[in-house]
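1. Next input, structure requested:
(one chain, ligands or ions: 1)
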Amino acid sequence: MKLPQTLETKRLSLRQPVAEDAALIFKQYAQDPEVAKYTVWQPHQSIEETHKWVSRCISVWVDASAFPYVLIRKEDAQLIGMVEIRFNNFKADLGYVLAKSEWGKGYVPEAVQVLTGWALEQDEIYRVWAVCDLENPASARVMEKVGMQREGILKRWIIHPNMSKEPRDCYCYAVSK
Ligand SMILES: CC(C)(COP(=O)(O)OP(=O)(O)OC[C@H]1O[C@@H](n2cnc3c(N)ncnc32)[C@H](O)[C@@H]1OP(=O)(O)O)[C@@H](O)C(=O)NCCC(=O)NCCS
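-> Have a look, this model is predicted:
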């Protein structure tokens, strides 16, 4: 799978992360417990953790195991979040995160829409899917807004360590062609 290095929406540029992004990612959202509440990672305690995360983001592009993009608001060139897509044969799945100050402005649906659209334009991709914690309605709304259908509940699917040590039930959403 060869993904574009950048994607554009009306208000956002999506681009590959670079090492220099770590400071802003840390400042904007990575240390924020509210942002991390329903994610698979824990709030970063130091910028070193964010540097490690960004190194991972750069290396997964190289080995093609995942394709994270930082979200840059065009208006002021501010880094406000990240979306990631991963491919597995004919399927792709997504994850996303946004700085709390920017919640509720429709940025993530905008980014997810362009990425989902790109994926489904590929002949070999038939399904794009994502999950969210049952208690994370904001994330469920993102998926509904981009036209994904709720397919059901995946029992004990994922560990959200800021909620519990035990695996939690998730909604599964998907769009297919
Ligand atoms: C989930 C998330 C990515 C949504 O992104 P977004 O760009 O704010 O999405 P939208 O603007 O479309 O808002 C989606 C929903 O968030 C909720 N929302 C809006 N503003 C909010 C706020 N200030 N605080 C809490 N929730 C809010 C609303 O339910 C909204 O749905 P609505 O538009 O039908 O009212 C963002 O809330 C976030 O980064 N959360 C923390 C990380 C996370 O949970 N990631 C997903 C893991 S599965």
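2. Show me what residue of this protein gets nearest to the ligand.
-> For the chain, the residue closest to the ligand is Gly104, as judged by C-beta to the nearest ligand atom, at 2.5 Å. Just so you know, the C-beta spots here come from the backbone N, C-alpha and C atoms, and that holds for glycine as well.
3. For burial, what's the neighbour tally of that residue?
-> Using other C-beta atoms under 10 Å, Gly104 has 10 neighbouring residues.
4. now do the one 3 residues further on
-> One way to gauge burial is a neighbour count; for Tyr107, by other C-beta under 10 Å, it gives 22.
5. thought it was touching Ile72?
-> No - using C-beta atoms under 8 Å as the test, Tyr107 is too far from Ile72 to be in contact (10.6 Å).
6. hey, what's in contact with both of the two?
-> Shared contacts of Tyr107 and Ile72 (C-beta atoms under 8 Å, 6 or more residues apart in numbering): 12, 80.
7. Farthest from the middle of this structure: give me that residue.
-> Ranked by distance from the centre of the chain (C-alpha atoms, centre = their mean), the top residue is Asp123, with 22.9 Å.
8. Can you pull the phi/psi pair for that one?
-> phi -50, psi -40 (degrees, to the nearest 10).
9. Which residues of this structure lie near the ligand?
-> Residues of the chain found near the ligand (C-beta under 6 Å from any ligand atom) are 35, 38-39, 96-98, 103-109, 132, 136-139, 141-142, 145.
10. again, 8 Å this time
-> Proximity of the chain to the ligand (C-beta under 8 Å from any ligand atom) is limited to residues 29, 34-39, 81, 95-100, 102-110, 130-133, 136-139, 141-142, 144-145.
11. What spatial separation is found between the closest residue to Gly106 other than its chain neighbours and Leu79?
-> Nearest residue to Gly106, sequence neighbours excluded (C-beta to C-beta, 6 or more residues apart in numbering): Lys145, at 7.6 Å. Separation of Lys145 from Leu79 (C-beta to C-beta, to the nearest Å): 22 Å.
12. So for the two, which sits in the more crowded spot?
-> Leu79 (19 against 14).
13. Run a quick neighbour tally on the nearest residue to that one once chain neighbours are set aside.
-> Closest residue to Leu79 apart from its sequence neighbours, by C-beta to C-beta, 6+ apart: Leu24 at 4.4 Å. By other C-beta under 10 Å, the residues close to Leu24 number 17.
14. Give me the pLDDT for Leu24.
-> The model reports Leu24 with a pLDDT of 97.
15. what do you get for the one 4 residues further on?
-> As predicted, Gln28 sits at a pLDDT of 97.
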